[in-house]
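Engineer: Sequence below, structure please.
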Amino acid sequence: MSNPFFSIIIPVYNGLTHDLPICLESIWLQPLDPSQYEVICVDDCSTDDTRRWLDEEAAKHSNMRVIKHSVNKRQGGGRNTGVRAANGKYILFIDQDDYYHQGALRKIYDCLSVNKSIEVFVSDSAFQFKGHESNTLQLNLPFREIADSVEFVKRNGIVLAPWRLCILRSFYLEHHFVFPEFCRIEDVDWACRVLYYTKRMTYQPILLVHYNKAETGQTDNMYRNVEILRANTMAGRRTWDIAKTLYENNPLQQTIFNVAEMYFNFTCRYMFGMFASIQVKQNIIKLIPTQKSRFKLVNMAMHHTMFFCIVSNLGVPLFRVLRLIIRWRKARQLSD
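Structural biologist: Residues are numbered from 1 along each chain as shown. Below you'll find the model as predicted:
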């Protein structure tokens, strides 16, 4: 498909069990002519019937393409593959388990048709639990003029999620933006690179994405996992390195350092709910750059590593007992 306005890129893995049909349906229902957008689904070695289903769906829509990886590259790899295949003037990313708000792409199209020099257009999202739709804007940022990234962040704070961004493809290719591949939590350092080079960006309070959050208990259990905590720490480390090198002498350098430190603090907090060998925890903590953190827990982990690892392991059974007590008290209250 030649010269569509939007290229919508969806990394896919076992999409039939992650609401991919709902995601695609929300795109087909947008009030745009099919010639104005293309949909690129990048299948990352699905093990269910997703590949066959995608081929059938593509046969129904001339503006849909399916690309199939021979090696699983995770979400970052899927996005990179999609960008390389894209023909649109602007690039959009959406995850397979989320969906677009009705009419959102039309509103963004109208905005960008008037302001053609915008490099990064920031829209909004609604966080919700599956089956409980919300239309509440998560950001609703106050500053809505076109500005460079320094002014934008100064007025609005930092915005990292790729699925809120609509990016001019020529700008994207000019600066060779690439997501880390073969890893989890691949978007934070990518977003920091995009932010560094952006000279013309704006936010508009358009609800674009309905983002389906995991239940709190599921999120807690997921992050009490060695590989995910290691990936979280590596995301912080990559962001720290970007702040130290790319953002040197940039007014936003401390902001980017702060983003990295949030990831390190997150790792240390969740270690208290995860039982693992001292050596495993020490190896994760070693990934954190040696510096004075604004978070006390991170400082403890770096400068008193053995003590931190022992205490965090001792805390696991304590947390379990406390959780049982809380559940028991809630059950008593309900019975009363």
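
Engineer: Okay, now the unreliable bits of this structure?
Structural biologist: Scanning the chain for pLDDT under 70 picks out the ranges 1, 214-224, 316-323, 336.

Engineer: can you dump the C-alpha coordinates of the top strand by length along the chain into CSV?
Structural biologist: Using DSSP state E, we find that the single longest strand of the chain is strand 201-213. The C-alpha trace of strand 201-213 is given here as CSV (Å, rounded to 0.1, in the frame of the first residue of the first chain):
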residue,chain,number,x,y,z
MET,A,201,5.7,18.1,19.7
THR,A,202,2.3,18.7,21.2
TYR,A,203,-0.3,17.1,23.4
GLN,A,204,-4.0,17.1,22.7
PRO,A,205,-6.6,15.5,25.1
ILE,A,206,-7.8,12.9,22.6
LEU,A,207,-8.6,9.5,24.1
LEU,A,208,-6.8,7.2,21.7
VAL,A,209,-6.1,3.9,23.5
HIS,A,210,-8.0,1.8,26.0
TYR,A,211,-5.2,0.2,27.9
ASN,A,212,-6.2,-3.0,29.7
LYS,A,213,-4.3,-3.3,33.0
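
Engineer: just checking, what packs against that strand?
Structural biologist: strand 99-100, helix 104-114, strand 120-129, helix 149-156 (3 or more Cβ pairs under 8 Å, 6 or more residues apart in numbering; DSSP states H and E). Bear in mind the C-beta positions are built from the backbone N, C-alpha and C, glycine included.

Engineer: buried ones in it?
Structural biologist: For strand 201-213, the neighbour count (16 or more other Cβ atoms under 10 Å) marks 201-203, 206-212 as buried.

Engineer: returning to that earlier point: winner for burial among the helices and strands packed on strand 201-213?
Structural biologist: Of all the helices and strands packed on strand 201-213, strand 99-100 carries the top mean neighbour count, a mean of 23, counting by mean count of other Cβ atoms under 10 Å.

Engineer: Neighbouring strands - and their directions - for that strand?
Structural biologist: Counting by DSSP bridges, the strands paired with strand 99-100 are strand 201-213 (antiparallel).

Engineer: what angle separates the partner strand from strand 120-129?
Structural biologist: 20 degrees (axes from the mean of the first three to the mean of the last three Cα atoms, to 10 degrees).

Engineer: Make sure Y90 is actually in contact with F171.
Structural biologist: No: taking Cβ atoms under 8 Å as the definition, Y90 is not a contact partner of F171, at 9.6 Å.

Engineer: Looking at the two now, which is surrounded by more residues?
Structural biologist: Neighbours per residue, other Cβ atoms under 10 Å: of Y90 and F171, the larger number sits with Y90, 26 against 19.

Engineer: OK, contacts around the more buried one?
Structural biologist: 5-7, 112, 121, 166-169 (Cβ atoms under 8 Å, 6 or more residues apart in numbering).

Engineer: again with G88
Structural biologist: G88 neighbours (Cβ under 8 Å, 6+ apart): 3-7, 37-38, 169.

Engineer: Can you give me the distance of the residue most central in space within the chain to R79?
Structural biologist: Central residue of the chain (Cα atoms, centre = their mean): A161, 4.6 Å from the mean position. A161 sits 13 Å away from R79, going by Cβ to Cβ, to the nearest Å.

Engineer: ok, now A231?
Structural biologist: A231 is 16 Å from R79, by Cβ to Cβ.

Engineer: now the longest strand of the chain: how far from the chain's centre is it?
Structural biologist: Here strand 201-213 is found 13 Å from its chain centre; the criterion is Cα atoms, centre = their mean, to the nearest Å.

Engineer: now the helices: where do they sit in the protein?
Structural biologist: Using DSSP state H, the helices found in the chain span residues 20-28, 50-60, 74-85, 104-114, 149-156, 169-174, 188-197, 216-223, 226-245, 253-271, 278-285, 296-303, 305-335.

Engineer: isn't V42 right up against I9?
Structural biologist: Yes: contact criterion Cβ under 8 Å: V42 and I9 qualify, at 7.0 Å.

Engineer: which neighbours do those two share?
Structural biologist: Residues touching both V42 and I9 (Cβ under 8 Å, 6+ apart): 78-79, 82.

Engineer: most surrounded residue in those?
Structural biologist: G78 (29 neighbours).

Engineer: Neighbours of the closest residue to that residue other than its chain neighbours, how many?
Structural biologist: Counting by Cβ to Cβ, 6 or more residues apart in numbering, G78 lies nearest to P11, which is 2.8 Å off, once chain neighbours are set aside. If you count neighbours by other Cβ under 10 Å, P11 ends up with 26.

Engineer: before we move on, the earlier item: let me know the closest of the shared contacts of V42 and I9 to R269.
Structural biologist: R79 (28.3 Å; Cβ to Cβ).

Engineer: Just give the nearest non-adjacent residue to the closest one, would you?
Structural biologist: Here the residue nearest R79, using Cβ to Cβ, 6+ apart, is F179, at 5.0 Å.

Engineer: Surely the one you found and R193 touch.
Structural biologist: No: with contact defined as Cβ under 8 Å, F179 does not count as touching R193 (9.9 Å).

Engineer: Looking at these two, which has the bigger crowd around it?
Structural biologist: Using other Cβ under 10 Å as the criterion, F179 and R193 rank with F179 on top: 23 against 19.

Engineer: Many thanks, have a good one.
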